[in-house]
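*Asks:* For reference, the sequence and a predicted model appear below.
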Amino acid sequence: MSSVAALPDPRVCERARLSRDPRFDGLFFTAVRSTGIYCRPVCPAPPPLPANVDYYPSAAAAEAAGFRPCLRCRPELAPEDGAWRRGDALVARALALIEQGFLAEHPVAALAERLAVGERQLRRLFVQRLGAAPLGVHVTRRLLFAKQLLTETTLPVTEVALAAGFGSLRRFNAAFQEAYRMAPRELRRSLQQRPALAADRSLVLRLGYRPPYDFAAILDFLRDRALPGVERVDGQSYARVVGDASAPAWLRISHWPSTRARPVHALRLELHGVAPARLADTVQRVRRMFDLDADPNAIAAVLGADPRLRPLLRQRPGLRLPSGWDGLEIAARAVIGQQVSVAAARTLAARLVQRHGAQVALDAAPGLDRLFPDAATLAAADLDGLGLTGARIASLRAIARAVLEGKVGFGPEQTLEEFVEAWCALPGIGPWTAQYLALRALGHPDAFPAEDLVLQKAASGDGTRLSTRQLRERAQAWRPWRAYAVIHLWREAALPASRAGTEAEVIP
């Protein structure tokens, strides 16, 4: 079946390509038949003649057609098509599993089984939507990630192969040569400017997004909730401890240096001590945590139709969902924070970390020395004396045991309804908490804690409070982006009166 339905209108693609419109970055790729190269629509190279151009809905589709990625615009830096690759659609959930490396260890048949769909049907949907089969999407993702590591880091090729999920250097070299018609070492030798080798073997990667992007707002949200020892947030960056007690590491995220004359739509990810085998997972977690694949235009097209939300989108067009690093951490903190202020919840969670979080020693990471307790630690922990109620303690232990037993989890194969139902079966977890987890732990774009009192008041716009039922009915028109409406309304409610309604600085 043709993949054309997954593309924007060809006339839109043509205008976006000729104007190098960054809002369309990752929504399609341009392939040039005369060169055999495919590019992002923002490629700075002179635009080819329209007669030589084909458009593809994904990098995998372009590569399946025999095109190679451009070395100048680097398709590996393009954000994903966030307008449909998230949420409950079957292909979206399949892609999320692929991003987590599912096909590195399982066949496509197992992927289809996990999603309760036939393998043939899954393949058909992938070709229809992406122009490539699931395995082709998986291989393209691995090769493009390897290309980024070869281009931006000094990692040895053997470690690049491991980081990209290849079982051996021979298999990596063969796959790279077949797809790109050059060996990995040839690509690195061809670079005009090679990355400098850091003394501490730290890595720096560029993570692209689709503008506008309100990085300052995400930092504000995370700063209010940052746990001492685990996280550190300042006016320009977010840093935290990652890994485990046997192999601790840390990372920092900031905005990539940019000017108005030469804007760079990307974040700067510094990785310190992250093992090669964990690089891909770390990058995917950061992309989810900072919502780098969102499509602001698609979101605004729906939410902007509501007169209550329209001015909020004008004030902060780049507002994103601030997700979390680890699902269990977000779940524990959500329970701790039930019916208390954000500041009080942070204090209680900090006590938990100081008593039960593993202490680690990290070089050049001042103030970062703790890991959040894992499920096994939390299930057996003595939680008395932390200031938690008996009911909260029981809920925390029940959550930890349920995670260990596999009764609940944060796998992307779940629909929002399935996720909420499973979590609401646990003691102390109601609809508000389950929906909040879907928003913060999964980054689900349609998560909606309708029971939230602040949200009920903020949604009315006139100081009155909507009932839960009234709010749900009002929010039907916001689907499938209800979570973004939540963040906009929470953000407005949290602003001091002197700042409410003012224009915020948005990173383009």
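*Replies:* Structure received.
*Asks:* who touches Arg20 in this structure?
*Replies:* For Arg20, the contacting residues are 41-44, by C-beta atoms under 8 Å, 6 or more residues apart in numbering. Quick note: C-beta positions are derived from backbone N, CA and C, even for glycine.
*Asks:* again, 7 Å this time
*Replies:* Shown in contact with Arg20 (C-beta atoms under 7 Å, 6 or more residues apart in numbering): 41-42.
*Asks:* That one and Pro263: what is the separation?
*Replies:* To Pro263, Arg20 is 11 Å away according to C-beta to C-beta, to the nearest Å.
*Asks:* now do Gln339
*Replies:* Taken as C-beta to C-beta, the spacing of Gln339 relative to Pro263 amounts to 43 Å.
*Asks:* Compare neighbour counts for those two and give me the winner.
*Replies:* In terms of neighbours (other C-beta atoms under 10 Å), Pro263 is the more surrounded of Gln339 and Pro263; the figures are 13 against 8.
*Asks:* Correct me if wrong: Pro480 contacts Phe448.
*Replies:* No: if you go by C-beta atoms under 7 Å, Pro480 and Phe448 don't touch, sitting 10.3 Å apart.
*Asks:* The two: which is more packed in?
*Replies:* Neighbours per residue, other C-beta under 10 Å: of Pro480 and Phe448, the larger number sits with Phe448, 26 against 19.
*Asks:* Spatially nearest residue to that one, not counting backbone neighbours?
*Replies:* Of all residues not flanking Phe448 in the chain, Arg482 sits nearest, at 4.0 Å (C-beta to C-beta, 6 or more residues apart in numbering).
*Asks:* okay, that neighbour: pLDDT?
*Replies:* Confidence at Arg482, expressed as pLDDT, is 98.
*Asks:* And for Leu313?
*Replies:* What the model reports as pLDDT for Leu313 is 97.
*Asks:* Assign a three-state SS to it, would you?
*Replies:* Under DSSP: H, G, I helix; E, B strand; the rest coil, Leu313 falls in the helix class.
*Asks:* Can you pull out the low-pLDDT segments for the chain?
*Replies:* Under the criterion pLDDT under 70, the flagged ranges of the chain are 1-5, 192-194, 196-200, 495-508.
*Asks:* Scan it for its longest helix.
*Replies:* The residue-count maximum for a helix in the chain (DSSP state H) belongs to helix 134-152.
*Asks:* buried set for it?
*Replies:* 134-152 (16 or more other C-beta atoms under 10 Å).
*Asks:* domain ranges for the chain?
*Replies:* Annotated domains of the chain cover 4-76, 90-190, 205-494 [automatic domain parsing].
*Asks:* Off-centre distance for the longest one?
*Replies:* Centroid separation for domain 205-494 versus its chain: 11 Å, with C-alpha atoms, centre = their mean, to the nearest Å.
*Asks:* what secondary structure does the most centrally placed residue in the chain sit in?
*Replies:* Most central residue of the chain, judged by C-alpha distance to the mean C-alpha position with C-alpha atoms, centre = their mean, is Arg288 at 1.5 Å. Under the three-state scheme (three-state DSSP), Arg288 adopts helix.
*Asks:* Residues contacting stretch 69-80, please?
*Replies:* Among residues not part of stretch 69-80, those counted as contacts by C-beta under 7 Å, 6+ apart are 25-26, 29, 37-40, 42-45, 59, 144-145, 147-148, 151, 206, 208-210, 266, 292-293.
*Asks:* Now that stretch: buried residues?
*Replies:* For stretch 69-80, the neighbour count (16+ other C-beta under 10 Å) marks 69-71, 73-80 as buried.
*Asks:* how long is it from one end to the other?
*Replies:* Using C-alpha to C-alpha, to the nearest Å, the end-to-end distance of stretch 69-80 comes to 16 Å.
*Asks:* cool, and stretch 319-332?
*Replies:* With C-alpha to C-alpha as the measure, the ends of stretch 319-332 fall 25 Å from one another.
*Asks:* Name the residues that touch the helix or strand encompassing Ala400?
*Replies:* Secondary structure here is read from DSSP states H and E; on that basis Ala400 sits in helix 390-405. Contacting residues not belonging to helix 390-405 are listed as 328, 331-332, 335-336, 375-376, 378-379, 383, 408-409, 426-429 [C-beta under 7 Å, 6+ apart].
*Asks:* repeat that with 8 Å
*Replies:* 328, 331-332, 335-336, 338, 375-376, 378-379, 381, 383-384, 388, 408-409, 426-429.
*Asks:* Count the residues that sit near Leu49.
*Replies:* By other C-beta under 10 Å, the residues close to Leu49 number 9.
*Asks:* nope, Gly390 is what I meant
*Replies:* Taking other C-beta under 10 Å as the criterion, the count of residues near Gly390 is 9.
*Asks:* Check the gap between it and Asp295 for me.
*Replies:* In this view, Gly390 and Asp295 are 45 Å apart by C-beta to C-beta.
*Asks:* What of Ala112?
*Replies:* Separation of Ala112 from Asp295 (C-beta to C-beta) stands at 27 Å.
*Asks:* swap in Ser58?
*Replies:* Using C-beta to C-beta, one gets 15 Å for the distance from Ser58 to Asp295.
*Asks:* Contact partners for the residue nearest to Phe448?
*Replies:* Under the criterion of C-beta under 8 Å, 6+ apart, the contact list for Arg482 reads 445-448, 475.
*Asks:* Now render those as a markdown table, adding secondary structure.
*Replies:* Supplementary listing: these in a markdown table, determined by three-state DSSP:
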| residue | secondary structure |
| --- | --- |
| Pro445 | coil |
| Asp446 | coil |
| Ala447 | coil |
| Phe448 | coil |
| Ala475 | helix |
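*Asks:* Include distance to Gly167 when you put these into TSV, please.
*Replies:* Converted to TSV, those look like this (distance: C-beta to C-beta, whole Å):
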residue	distance to Gly167
Pro445	34
Asp446	37
Ala447	37
Phe448	42
Ala475	46
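*Asks:* Can you turn the buried part of the contacts of stretch 69-80 into a PyMOL selection?
*Replies:* Paste this into PyMOL to select the buried members of those, with burial taken from 16+ other C-beta under 10 Å:
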select buried, resi 25+26+29+37+38+39+40+42+43+59+144+145+147+148+151+206+208+209+210+266+292+293
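*Asks:* From the contacts of stretch 69-80, which land in strands?
*Replies:* Among the contacts of stretch 69-80, the members falling in strands (DSSP state E) are 29, 37-39, 206, 208, 266.
*Asks:* still on that earlier bit, more neighbours: which of Ala112 and Asp295?
*Replies:* When neighbours are counted by other C-beta under 10 Å, Ala112 and Asp295 differ, and Asp295 comes out ahead with 23 against 19.
*Asks:* I figured Ala485 hits Leu313, correct?
*Replies:* No: with contact defined as C-beta atoms under 8 Å, Ala485 and Leu313 do not form a contacting pair (9.5 Å).
*Asks:* Between these two, which is the more surrounded one?
*Replies:* For the pair Ala485 and Leu313, the greater number of neighbours falls to Ala485 (27 against 19), based on other C-beta under 10 Å.
*Asks:* gap between the residue nearest to the more buried one when sequence neighbours are not counted and His488?
*Replies:* In space, not counting the residues next to it along the chain, Ala485 is nearest to Trp478; the distance is 4.7 Å by C-beta to C-beta, 6+ apart. When distances are taken as C-beta to C-beta, Trp478 and His488 turn out to be 10 Å apart.
*Asks:* Touching both of these two, which residues are there?
*Replies:* Counting by C-beta under 8 Å, 6+ apart, the contacts common to Trp478 and His488 are 303, 309.
*Asks:* Thanks a lot, see you next time.
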